[in-house]
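In: pasted the sequence and its predicted model underneath.
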Amino acid sequence: MPLDPLTLILAAAFTSGCASLHALRHHADTVTFVLAFMAWALGAAVVSLLAARFGLVMAPDHTGMWMHMAAGGD
């Protein structure tokens, strides 16, 4: 069976992640915060990529719209 470099890289990344979580098990609050932040960042990246793919506006600029409406724009 030939070795796939991508599979080896993914396995090494997973193993190093497990090892770091095991090493930091006494700092559960910090690990939980970091994992939650990483999950949020991954979700934001996926949503941003999907919005760019389908041509959607990611985050409207409310300040710019307020100025536009105050200046009498439609």
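Out: Perfect, I can see it now. Numbering: from 1, shown residues only.
In: the one helix or strand residue 35 maps to: how far from the chain's middle?
Out: Using DSSP states H and E, the element containing residue 35 is helix 28-53. Centroid separation for helix 28-53 versus its chain: 3 Å, with C-alpha atoms, centre = their mean, to the nearest Å.
In: before we move on, what about stretch 49-58?
Out: Its chain's C-alpha centre and that of stretch 49-58 lie 15 Å apart, by C-alpha atoms, centre = their mean.
In: repeat for stretch 19-34
Out: Using C-alpha atoms, centre = their mean, the distance between the centre of stretch 19-34 and that of its chain works out at 19 Å.
In: now it: average pLDDT?
Out: Per-residue pLDDT over stretch 19-34 has a mean of 90.
In: gap between the two ends of that stretch?
Out: The stretch stretch 19-34 measures 15 Å between its terminal residues, going by C-alpha to C-alpha, to the nearest Å.
In: could you list the low-pLDDT ranges of this structure?
Out: Per-residue confidence for the chain (pLDDT under 70) gives these ranges: 1-2, 57-74.
In: how far away is residue 24 from residue 30?
Out: Between residue 24 and residue 30 the computed distance is 7 Å (C-beta to C-beta, to the nearest Å). The way it works is simple: take the backbone N, C-alpha and C, and place the C-beta from them, glycine included.
In: same thing with residue 16?
Out: Going from residue 16 to residue 30 by C-beta to C-beta gives 18 Å.
In: residues near residue 48, how many?
Out: Around residue 48 there are 13 other residues, counting by other C-beta atoms under 10 Å.
In: my bad, residue 52
Out: Burial measure for residue 52: 10 neighbouring residues, criterion other C-beta under 10 Å.
In: could you do residue 51 as well?
Out: Residue 51 has 13 neighbouring residues, counting by other C-beta under 10 Å.
In: relative to residue 10, how far out is it?
Out: 27 Å.
In: what secondary structure does residue 56 sit in?
Out: What DSSP: H, G, I helix; E, B strand; the rest coil gives for residue 56 is coil.
In: for it, what are its contacts?
Out: If a contact means C-beta atoms under 8 Å, 6 or more residues apart in numbering, then residue 56 has residue 50 as its contacts.
In: state the distance from it to residue 39.
Out: When C-beta to C-beta is the yardstick, residue 56 and residue 39 sit 22 Å from each other.
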